[in-house]
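Participant: I need the structure of the sequence given here:
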Amino acid sequence: MTTHDNDAFKPIATVDLAIFSLTPAGLSVLLVRRTSAPFAGDWALPGGWIHIDEDADLEAAARRVLKEKTGVETPYLEQLQTTGNRDRDPRGWSISIVYIALLSADDVAERQDAMAEEAEWRPIEGEGVGLSLAFDHAALLKEALGRIRSKVEYSSLPGHLLPVRFTLSELQSVYESLLGRKLDKSAFRKRMAEADFLEPVEGEMRRASNRPAQVFRLKDTRSLVLFDRRI
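Facilitator: Numbers count the residues shown, from 1 in each chain. Prediction:
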């Protein structure tokens, strides 16, 4: 086989992102409508080519694509999986490195104008979004949702979906929404204190039903804290 033939069989290499945030409709994922073949007009997870002359590594490629699609530079980012075969893309053998990104509600509200054209937040329905997606992105989204839902049980993940400042009641509400069950208030607050991933915003309180509620924020917005046991 000649060098030219080898070049013709180079696999397509991309990064794809399952970008989640909280919207008024609940947990939502960012989708983009494809404008060119293949799957022109279909919805897909945001993604892009790996730029070998620009991207220092895979995470750099994912962060670049995230910035291009959302205008956000430094949210929580986690590699989900690498997948590849000859059937997932009609253009030929393809490899995708899939990442999960979590955007706070503040990021979504403040950078709405920076979102890519033909981008839309779609609420999660069960294990997807209630419509077909291009390529194998429905399966990738299902895997991403499984990762998120499992981590809610034993990590600080829900805090990355909230606005920068929030109360413990708001944090508990997000945990309950993602878990699909109610949590005991005192036990929840004890677990949050033990996990030590929050810090109070000094001098900032918020009106509550009984008495003013302390406002908190994450100590570290780029990593998760893992609990020593499930909630």
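Participant: the bottom helix or strand of the protein by mean pLDDT?
Facilitator: helix 3-8 (a mean of 49; mean pLDDT, DSSP states H and E).
Participant: I'd like to know the average pLDDT value across the next helix-or-strand element following that one.
Facilitator: Later in the chain than helix 3-8, the nearest helix or strand by DSSP states H and E is strand 12-23. For strand 12-23, mean pLDDT rounds to 93.
Participant: so what secondary structure elements neighbour strand 12-23?
Facilitator: For strand 12-23, the packing partners by 3 or more Cβ pairs under 8 Å, 6 or more residues apart in numbering; DSSP states H and E come out as strand 26-33, strand 47-49, helix 58-70, strand 94-102, helix 105-110, strand 119-123, helix 137-152. Where you see a C-beta, it was placed from the backbone N, CA and C, and this is true even at glycine.
Participant: tell me the most buried of these?
Facilitator: Among the helices and strands packed on strand 12-23, strand 94-102 has the highest mean neighbour count (mean count of other Cβ atoms under 10 Å), at a mean of 22.
Participant: Could I get the average pLDDT for that strand?
Facilitator: On average, the pLDDT along strand 94-102 is 95.
Participant: Pull the distance from that strand to the chain's centre.
Facilitator: Strand 94-102 has its C-alpha centroid displaced from the chain centroid by 10 Å (Cα atoms, centre = their mean, to the nearest Å).
Participant: which helices and strands sit right next to that strand?
Facilitator: Short answer (3+ Cβ pairs under 8 Å, 6+ apart): strand 94-102 packs on strand 12-23, helix 58-70, strand 76-85, helix 137-152.
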